[in-house]
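Visitor: predicted model and sequence below, questions to follow.
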Number of protein chains: 2
Amino acid sequence: MMIYLDCASTSLIKPQCVTDAVCKAMSGNLGNPGRGSGKSSIESSRLLFETRTIIGTLFGMPSPDNVILKSSVTESLNTILIGLLKKGDHVISSVMEHNSVLRPLERLRKSGIITYDLLGADSFGRIKIEDLKGLEKKETKLIILTHASNLCGTIQDISSVRQLLRNKDIFVVIDAAQTAGYIPVNIGNLSADAVAFTGHKGLLGPQGTGGFILNDRINHEMMPVFTGGTGSDSSSLSHPMFLPDKYEAGTANVPGIAGLSAGVNHILEEGLDSITAKNQWLMDHFLNRLKKFSEIFLYGIDISKGRIPCFSLTFSDIDPSLASYVLDNEFGITTRSGLHCAPLAHKVFGTDTSGSLRISFNHLTSECDIDALFSAFSMLKGVSHD
Amino acid sequence: MMIYLDCASTSLIKPQCVTDAVCKAMSGNLGNPGRGSGKSSIESSRLLFETRTIIGTLFGMPSPDNVILKSSVTESLNTILIGLLKKGDHVISSVMEHNSVLRPLERLRKSGIITYDLLGADSFGRIKIEDLKGLEKKETKLIILTHASNLCGTIQDISSVRQLLRNKDIFVVIDAAQTAGYIPVNIGNLSADAVAFTGHKGLLGPQGTGGFILNDRINHEMMPVFTGGTGSDSSSLSHPMFLPDKYEAGTANVPGIAGLSAGVNHILEEGLDSITAKNQWLMDHFLNRLKKFSEIFLYGIDISKGRIPCFSLTFSDIDPSLASYVLDNEFGITTRSGLHCAPLAHKVFGTDTSGSLRISFNHLTSECDIDALFSAFSMLKGVSHD
């Protein structure tokens, strides 16, 4: 039996309801939403509407039309960045970002469209949000920040961003890839204009799902990047500008969305409070066990408060990639090694050469899985239990 | 039992192997490809490699890296158009295109980036490819054409495009949304530089899949539109420029790709010759039955040669939308009514106000399904059997 501790990559082990929903969606009842008047098409449209509604509930967005379904958080972040930013705009982001934010920004910079500055981070991986004022310019159009680091799990103090800005009209966009389904992500409470999410991590849906929630204010400033058939306004060569069609050209991933819907329903039924509490308990257990290993170094926050269950480790005398390989092959424990698509965050911790061993779990993980990890650590060559 | 005759929208009824592959992919063995060294990640990478290989086999592309997997043909066409075209470029397309080509072109035109001209079509829906010479300019960078119309099913004479061009270096891109899995689509035989496909129509995979095949010549002229994490070159803020990662930022739709792979395998095992022959036979059957209904008008080619099994009809005294509604509700037959995301093709046939009733099937459709349709036609109010 495999032990899976790479939930920050994907929630490989799904609740049965998610698998069932995907399989049921493959059984021939769900056509293309918004295309034609057939029952299978209407059934699909209903699925999409219900999915938007429950995602809206989770993120505090009352209008389902403002919930946009895409194929990934990467596609979502690109759609927001490319659709919003114009020549001369300035952006503030941080060194803790994933490449899904850094690379689009860098590409827009190299194309001569934008300039950007990055907030630094302290030794716990906390973005220095108080430095915002120093970076804010009159050309600043957007602050885009990760809600929690995919490298070290540190939750960022997003809710104070807006109040720190001199120009309160600057758009605030949150990358909730690592937090949605783990902790509350409420667009209103975070004073954000848009929140991008992935469907296959904390929301427990299949890979190939994701999207973003946006308010009307940022929507009015944005153009779609990809256009095409929407089943609406078909007679017009111009792509429709109403939500959600504006950002959803092409056929939706109906089986994927069926799975995502089941995943979000699972979270709403379990209750985010209960999920957060379970994760807190598992993190305490993990950290308590970790304390006994003096030759393992943890990056980021060493208590369960202010973090999600995503931990980066290195060892005094074993390469993290080798450790991950041995854990997988000798102990059947899946972890993630190498660089975690967050190059500047690795620099904060000095792990940009070695990479790190990343251990990440969710509320479906058991105490026994974590115990098995530490038993394996005890047996890893060169890692002694003191 | 529902009778499904809307295969040009999506192949709602899948071979069992496709459903099985998707469900198996949800059972926890397939992680994120190219991320980490765990078995589930490697298993996913293998799936993607195998899928690229068999898609390459189907489209005549020997290099699996030149097979790009995306979430839809719309995303693929947008990626090619936006990634290729630069300020001042001229494009030639046709009035027979789907909105997935027309809308991105129109948007690029309105943004002041490109100009474009459209080839007309004759009363059979055949693009007037011989008019190419008159439209070709020194700024012409690209010809983009549909391989077969999603409105009337007419197959276009793509293979003669290159030889008609004065400048043989102009890029030729084919939208094979309606032909892949129905008839041979060989990038070499078509003298094309890229072919975009959807996964959920003729290739029998799930919605949320698609992609494009491209040669190195067009690739060298293209930039990716969306960038982000690829699991490769993670330390760099610049998106990798090697294939397939260049065009595949973000987590792949692994369950979808597993289904697509099974669909393509089904086609390779059945054999495209056998599938084409079965479709030919079904189309002959359909057209023979149709001849007896003098009050039903068929748009496009009225023989089975030169077309795919996608037919647009109107009636002398019943609205096509009403016909579709009655077929669905009274007879359990799914068809598609309205405008079919091809506004200019509707104008060719004068159906831009009424829309049309579209009947489309594939090799999994039975003779009985078609007979049931015509029995229903006989009973439709106002449609008499002579």
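Guide: Sure, I can see it. Fair warning: this is a prediction, and the values are worked out from it, not measured in the lab.
Visitor: report the beta-bridge partners for residue A:143.
Guide: Per DSSP bridges, the residues bridged to residue A:143 are residue A:92, residue A:172.
Visitor: wait, it touches residue A:175, no?
Guide: No. With contact defined as Cβ atoms under 8 Å, residue A:143 does not reach residue A:175; the gap is 11.4 Å. In this view, the C-beta of every residue, glycine as well, is placed from N, C-alpha and C.
Visitor: compare these two (neighbour count), which wins?
Guide: For residue A:143 versus residue A:175, neighbours defined as other Cβ atoms under 10 Å in any protein chain shown are more numerous around residue A:175 (31 against 26).
Visitor: what helix or strand is the residue lying closest to residue A:58 once chain neighbours are set aside located in?
Guide: Spatial nearest neighbour of residue A:58, excluding adjacent residues (Cβ to Cβ, 6 or more residues apart in numbering or on different chains): residue A:264 at 6.0 Å. Following DSSP states H and E, one finds residue A:264 within helix A:254-270.
Visitor: quick one: buried residues of that helix?
Guide: Neighbour counts using 16 or more other Cβ atoms under 10 Å in any protein chain shown place A:254-267 of helix A:254-270 among the buried residues.
Visitor: ok, of these, which one's closest to residue B:338?
Guide: Among the buried residues of helix A:254-270, residue A:254 lies closest to residue B:338 (Cβ to Cβ), at 19.4 Å.
Visitor: wait, what's in contact with the closest one?
Guide: A:25, A:30-33, A:44, A:47, B:206-208 (Cβ atoms under 8 Å, 6 or more residues apart in numbering or on different chains).
Visitor: the stretch 151-300 of chain A against chain B: which residues are in contact?
Guide: Neighbours of chain B within the stretch 151-300 of chain A, by Cβ under 8 Å from any Cβ of the partner chain: A:198, A:200, A:206-209, A:225-231, A:234-239, A:249-256, A:259.
Visitor: and the buried ones among those, selectable in PyMOL?
Guide: Command for PyMOL that selects the buried part of those, burial taken from 16+ other Cβ under 10 Å:
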select buried, chain A and resi 198+200+206+207+208+209+225+226+227+228+229+230+231+234+235+237+239+249+250+251+252+253+254+255+256+259
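Visitor: thinking again about what came up before, which ones are touching the residue nearest to residue A:58?
Guide: Here residue A:264 is in contact with A:51, A:54-55, A:58, A:181, A:203-205 (criterion: Cβ under 8 Å, 6+ apart).
Visitor: next one: residue A:165
Guide: A:132-133, A:136, A:143.
Visitor: and residue A:8, what is it in contact with?
Guide: Counting by Cβ under 8 Å, 6+ apart, residue A:8 makes contact with A:150, A:153, A:178, A:201, A:310, A:336, A:340, A:358, A:360.
Visitor: and of the residues you listed, the nearest to chain B?
Guide: residue A:336 (4.0 Å; Cβ to the nearest Cβ).
Visitor: so the closest one sits right up against residue A:6, yeah?
Guide: Yes. Residue A:336 is within contact range of residue A:6, at 4.8 Å (criterion: Cβ under 8 Å).
Visitor: burial check on the closest residue to chain B within the stretch 51-200 of chain A, number of neighbours?
Guide: At 2.9 Å from chain B, residue A:74 is the closest residue in the stretch 51-200 of chain A, using Cβ to the nearest Cβ. A count of nearby residues for residue A:74, using other Cβ under 10 Å, gives 30.
Visitor: no more questions from me, cheers.
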